[in-house]
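Colleague: next one to model:
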Amino acid sequence: MNEHEVKHERNKARLQELMMEALGSLTDDRINAFEVTKIDLKRGKYDAIVYLNGLEAPKEKRQQLHALLNKASSYIKRYCLESGDWYRMPSLTFKFDDSAALNANLESLFDKIKKKDDN
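Modeller: Residues are numbered from 1 along each chain as shown. Now for the predicted structure:
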């Protein structure tokens, strides 16, 4: 990994930490408990895709949660700018990460297979 890649990964990790703090400081209980699972920085640091734990968001309420997150994005940006060493915040896009749910499903399938093999 070269120096540029290390700096990029460090920026992603720092932004993820700040995003967790910013979300936790929100007063709306519907969105302040989300876990940031991953951040992808695009076009340098101009665009950020923020992946949130999909297990915490029922599929039927995701559109409403997206609207709340988009509404809170200006506060989140301001929080990150004031708390970190960022001189400019990227535009934020929120997505729900369902990989944890897929892993849980795979684990339950493996458990079923193991139980069948034990019988």
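Colleague: and the strands in this structure?
Modeller: 36-42, 47-53, 91-97 (DSSP state E).
Colleague: buried deepest among the ones you listed, which one?
Modeller: Highest mean neighbour count of the strands of the chain: strand 47-53, a mean of 19 (counted as mean count of other C-beta atoms under 10 Å). The C-beta positions use only the backbone N, C-alpha and C, and glycine is treated the same way.
Colleague: off-centre distance for it?
Modeller: Offset of strand 47-53 from its chain centre (C-alpha atoms, centre = their mean, to the nearest Å): 5 Å.
Colleague: who's the closest spatial neighbour of R62, skipping the chain neighbours?
Modeller: F96 (6.0 Å; C-beta to C-beta, 6 or more residues apart in numbering).
Colleague: from I49, how far off is the one you found?
Modeller: Distance, F96 to I49, by C-beta to C-beta, to the nearest Å: 11 Å.
Colleague: how about K61?
Modeller: K61 is 20 Å from I49, by C-beta to C-beta.
Colleague: what score does A100 have for pLDDT?
Modeller: A100 is assigned a pLDDT of 65 by the prediction.
Colleague: ok, N105 next?
Modeller: 67.
Colleague: kindly report the same for G44.
Modeller: pLDDT recorded at G44 is 69.
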